[in-house]
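> Quick one: sequence plus predicted model below, questions after.
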Amino acid sequence: IRVWMYENVDPLVTQFRIAEIEVWRAEDTQQPLGASAEAADLFTTDSANAISINNFTMWMAAPGPPQDPGTVTLDLQAVYPVDMVQCLWGMQPSSLGDRRFEISEDSVTWSDIPLIGPVNFDEKLEQFTGFVNMRYLRISFVRAFDDTANEPNKIGMSIRNLLVRLDQNLARWHYSAAPTGVWSFPSTAALDGSRETYWSTRQGVDTATFTILASVTFSELFNLAGVYVEFLYRAMSIQLYQSVDCISYTLVESIRDNEDYVFFVPTTVHFQARCIRMELSGARDRMWHPDRYEDPTSRLEVIAIKEFTLLEHAGGGGVFGIEDCYGSTCGLRYDTITYGLLQPRGWSI
């Protein structure tokens, strides 16, 4: 909380006035509460530094020759759906082969988490994206940091910050319907968190309707702020509707002559809904028929969606009072301040 106060220019007056109070939700609250980090080989620093909000602290592995690598494990205390992992290095590896990132739900079975990007060793940042379920994140160093120019084997590899962002897609895994779909492209493929799967219309169809239904998805009205749709094959006309009763629909956003692979509604657009419907028309792309590849006559219109992301406008508000303790009113008078969420992660008085 940051408070601005007017200067008290009158020494005979004991009152003060507050000009402004602002409250922000910290970015790091996306990391699950109670997360802890442990290292197999502590050096001179605490492994908890790897997940502290201070990027000027770090956890450092023990220095040593290549046969003595280090590991650090992040425990989220429970299995969470995660859509991004970031690692900010201190003494970073010299190549991608010098480190390994693994995830697990039970600390018994481990799998590599794919590096999507960006990889910027100049900024010492690596980012992993893509939907996964995880509790543990383990980073292993194939070899220790080697500063051959100054003090060989005197400095260990180090991490300034590990950030795990919980999945924020409200539409994830929920029921959807698209009557124009066919083959093995179910509409739920656009909500499964994988960019490798997608929902597609029939070949030769240039109009489609994609609906997220209330029967399973939203049992109550949700406050929504932000829609993100990624296309594999684009639609030229896009119309997004919302409904509070799943019977009558109201237009939220529309676009004509679309050329982009991404359609989004900014978080400044707020609305309530139990059902979301997207109407697509005018297929911009064509694809080969699977059984007649490279046959020019088989290239027909198609529309396909990789991922549909719907963000909830989560948050709340509150009321608190400041006592006006001046003379006989002490304990009897209060100034009341109310606050609420103006935008996701941004608070306003």
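Sure thing, it's come through.
> Residue 259 reaches residue 234, doesn't it?
Yes - counting by Cβ atoms under 8 Å, residue 259 sits close enough to residue 234 to count as a contact (7.3 Å). All C-beta atoms are positioned from the backbone trio N, CA, C, and that covers glycine.
> where do the contact lists of the two overlap?
Jointly contacting residue 259 and residue 234 under the rule Cβ atoms under 8 Å, 6 or more residues apart in numbering are residue 284.
> domain parsing for this protein?
2-25+316-348, 31-166, 176-312 (automatic domain parsing).
> give me the low-pLDDT residue ranges for the stretch 1-150 of the chain?
In the predicted model, the stretch 1-150 of the chain carries pLDDT under 70 at residues 1-56, 58, 60-70, 93-97, 114-123, 129-130, 142-150.
> at 80 instead, please
For the stretch 1-150 of the chain, the stretches with pLDDT under 80 are 1-72, 81, 83-84, 89-100, 113-132, 140-150.
> ok, back up a step: comparing residue 259 and residue 234, which residue is more hemmed in?
Neighbours per residue (other Cβ atoms under 10 Å) separate residue 259 from residue 234, with residue 234 holding more: 21 against 8.
> how about that one, what does it touch?
Taking Cβ under 8 Å, 6+ apart, one finds 258-261, 283-285, 303 in contact with residue 234.
> Just the pLDDT for it.
The score at residue 234 is 89. That number is its pLDDT.
> Pick the one among the contacts of residue 234 closest to residue 107.
residue 261 (38.3 Å; Cβ to Cβ).
> Verify the contact between that closest one and residue 230 for me.
Yes - under the criterion of Cβ under 8 Å, residue 261 makes contact with residue 230 at 6.5 Å.
> quick one on the thing from earlier: need the contacts of residue 234 in JSON lines with distance to residue 162, secondary structure and pLDDT, can you?
JSON lines is the format used below for the contacts of residue 234 (distance: Cβ to Cβ, whole Å; DSSP: H, G, I helix; E, B strand; the rest coil; pLDDT from 0 to 100):
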{"residue": "258", "distance to residue 162": "38", "secondary structure": "coil", "pLDDT": "90"}
{"residue": "259", "distance to residue 162": "38", "secondary structure": "coil", "pLDDT": "90"}
{"residue": "260", "distance to residue 162": "33", "secondary structure": "coil", "pLDDT": "91"}
{"residue": "261", "distance to residue 162": "31", "secondary structure": "coil", "pLDDT": "91"}
{"residue": "283", "distance to residue 162": "43", "secondary structure": "strand", "pLDDT": "84"}
{"residue": "284", "distance to residue 162": "41", "secondary structure": "coil", "pLDDT": "87"}
{"residue": "285", "distance to residue 162": "39", "secondary structure": "strand", "pLDDT": "86"}
{"residue": "303", "distance to residue 162": "39", "secondary structure": "coil", "pLDDT": "85"}
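> list the helices and strands the stretch of helix or strand residue 269 belongs to packs on?
Assigned by DSSP states H and E, residue 269 belongs to strand 262-273. Using 3 or more Cβ pairs under 8 Å, 6 or more residues apart in numbering; DSSP states H and E, the elements in contact with strand 262-273 are strand 222-233, strand 235-243, strand 250-255.
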